[in-house]
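Asks: starting from these lines, generate the structure:
(chains A and B)
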Amino acid sequence: MTAKLARRTLLLLAGLLALSPAPAGGAREAPRLRVDFIDVGQGDAALITSPTGKTVLVDGGPHESSEALVSFLRDHARGPLDLVVLTHRHADHFGGLRAVIETTGALLFMDSPKPHPGRERERLMQALERRKVPVRSATRGREIDLGGGARLTLLTPPEPALTRVRDEVNANSVVLRLDYGRSSFLFTGDAETATERWLLDGKADVHAQVLKVAHHGSSYSSMARFLQAVRPEAAVISVGANNEYRHPAPATLRRLESVGARVYRTDLDGSVTVETDGQRLSIRAAHGPREAVGAR
Amino acid sequence: MKKQQSPPAEPLLFVDAIEEGRASLLLDEDAFTVPASLLPAGARAGSWLSLSLRVVPAPPSRADAIRKKLARDDDGGPIKL
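Replies: Numbering: from 1, shown residues only, chains lettered A, B, ... in the order given. Below you'll find the model as predicted:
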């Protein structure tokens, strides 16, 4: 670029900046973090978009929702995802991931290193291999800097792994804590009461404004003591309409109500979007109105 | 004398419908679909099938080997996106 052209470009940029409208009241709006709990039917998928635009997909829903998931990501995420995290290897959490890896793309993939003999997992690994996506192990205490002050912390998988429990795969789910300013989220995968006890016994910081309710609101999770420790202002249940497991369990809904959580359900509300500037949350559901939840 | 117990009967499935390559099967009130190609020869809508399942060794899988290769440079430390 010649010096003359460079000067003209600078002048043009300066002119454009001068014409830009100032934020209302002269205050600069704080960068926002956004979490979309995506309606994938009976399964889980959540997209985190950090204040700097980094994207993390937590779980990929069931195979039958692949198209809907990829379509959502096309509308809400630019280019390849920065990270995909798989909380555990059940089909309703990873069935859509192969399509995501092959269409949306990902720069990094994280899961538990525990072996698993499923066929679909082999196909997922083959897709990661074809796309040359590096894999990282989900281990307790690992931190992920999302930029702009947002941070993910892995609270589980439990070490050593929980055994002799109702469902070992669920009980060893990756539980993630997301912090941004005073806002906090807890992603629980399909954690079971054994996982919740392990977290409480280990004095993990589980208090969060927004709780992704474990295991689609089943009766095997969300025990009262755990919910009292989380004290969520909003709770999101990712669940399919008329599912054969009859999730969410009425007892779980009552326990969530008793701790004062506003409950959102993807079967009734559609995808649920939470935005925060690090102080206050704004929640809107695809099938409902926007609501504000104040920071405590 | 102890009465001899008969082995449990194999569950029976009713072929409710076959459509678009999928067979809709009923196990009492539980409905589920399977690829129609899995049905035995001669089965059609309205047929009854017996169901017999057994545990077999896991088929060979490359998943863990691929994962190990893709994670070879993972130092286990904090990640910055």
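
Asks: which positions in the stretch 101-250 of chain A make contact with chain B?
Replies: A:108-109, A:111, A:113, A:115-119, A:121-122, A:124-126, A:128-129, A:133-137, A:139, A:142-147, A:244 (C-beta under 8 Å from any C-beta of the partner chain). (Glycine included, C-beta is placed from N, CA and C.)

Asks: show me which of these are buried.
Replies: A:108-109, A:111, A:116, A:121-122, A:124-125, A:128-129, A:133, A:135-137, A:139, A:142, A:144, A:146 (16 or more other C-beta atoms under 10 Å in any protein chain shown).

Asks: among these, name the ones in strands.
Replies: Here DSSP state E is the test, and those give A:F109, A:D111, A:V135, A:R136, A:S137, A:I144, A:L146 as lying in strands.

Asks: okay if I get those as JSON lines plus pLDDT and distance to A:A204?
Replies: JSON lines is the format used below for these (pLDDT from 0 to 100; distance: C-beta to C-beta, whole Å):
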{"residue": "A:F109", "pLDDT": "98", "distance to A:A204": "24"}
{"residue": "A:D111", "pLDDT": "96", "distance to A:A204": "20"}
{"residue": "A:V135", "pLDDT": "98", "distance to A:A204": "25"}
{"residue": "A:R136", "pLDDT": "98", "distance to A:A204": "21"}
{"residue": "A:S137", "pLDDT": "97", "distance to A:A204": "19"}
{"residue": "A:I144", "pLDDT": "98", "distance to A:A204": "17"}
{"residue": "A:L146", "pLDDT": "98", "distance to A:A204": "20"}
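
Asks: pick the one among those closest to A:G288.
Replies: A:L146 (27.5 Å; C-beta to C-beta).

Asks: show me where chain B has strands.
Replies: B:12-19, B:22-27, B:30-35, B:48-50, B:79-80.

Asks: and of the ones you listed, who's closest to chain A?
Replies: For chain A, the closest of these is strand B:79-80, at 4.4 Å, according to C-beta to the nearest C-beta.

Asks: show residues contacting the closest one.
Replies: Residues from elsewhere that reach strand B:79-80 (C-beta atoms under 8 Å, 6 or more residues apart in numbering or on different chains): A:L83, A:L108, A:R136, A:R142, A:E143, A:I144, A:D145, A:G147.

Asks: from those, pick the one nearest A:A30.
Replies: Of all these, A:A30 sits closest to A:G147, with 14.3 Å by C-beta to C-beta.

Asks: could you find the closest non-adjacent residue to the closest one?
Replies: Leaving aside its sequence neighbours, A:G147 sits nearest to A:T52 (C-beta to C-beta, 6 or more residues apart in numbering or on different chains; 3.5 Å).

Asks: okay, the strands of chain B in a markdown table with mean neighbour count and mean pLDDT next?
Replies: Output for the strands of chain B, formatted as a markdown table (neighbours: other C-beta atoms under 10 Å in any protein chain shown; pLDDT from 0 to 100):
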| stretch | mean neighbour count | mean pLDDT |
| --- | --- | --- |
| strand B:12-19 | 15 | 94 |
| strand B:22-27 | 17 | 94 |
| strand B:30-35 | 12 | 91 |
| strand B:48-50 | 12 | 96 |
| strand B:79-80 | 14 | 98 |
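
Asks: contact residues of chain B facing chain A?
Replies: Counting by C-beta under 8 Å from any C-beta, the residues of chain B near chain A are B:30, B:58-59, B:61-64, B:66-67, B:69-71, B:73-74, B:76-81.

Asks: just the buried members of those residues?
Replies: Counted by 16+ other C-beta under 10 Å, the residues of chain B next to chain A give B:S61, B:A63, B:D64, B:I66, B:R67, B:L70, B:A71, B:D74, B:I79, B:L81 as buried.
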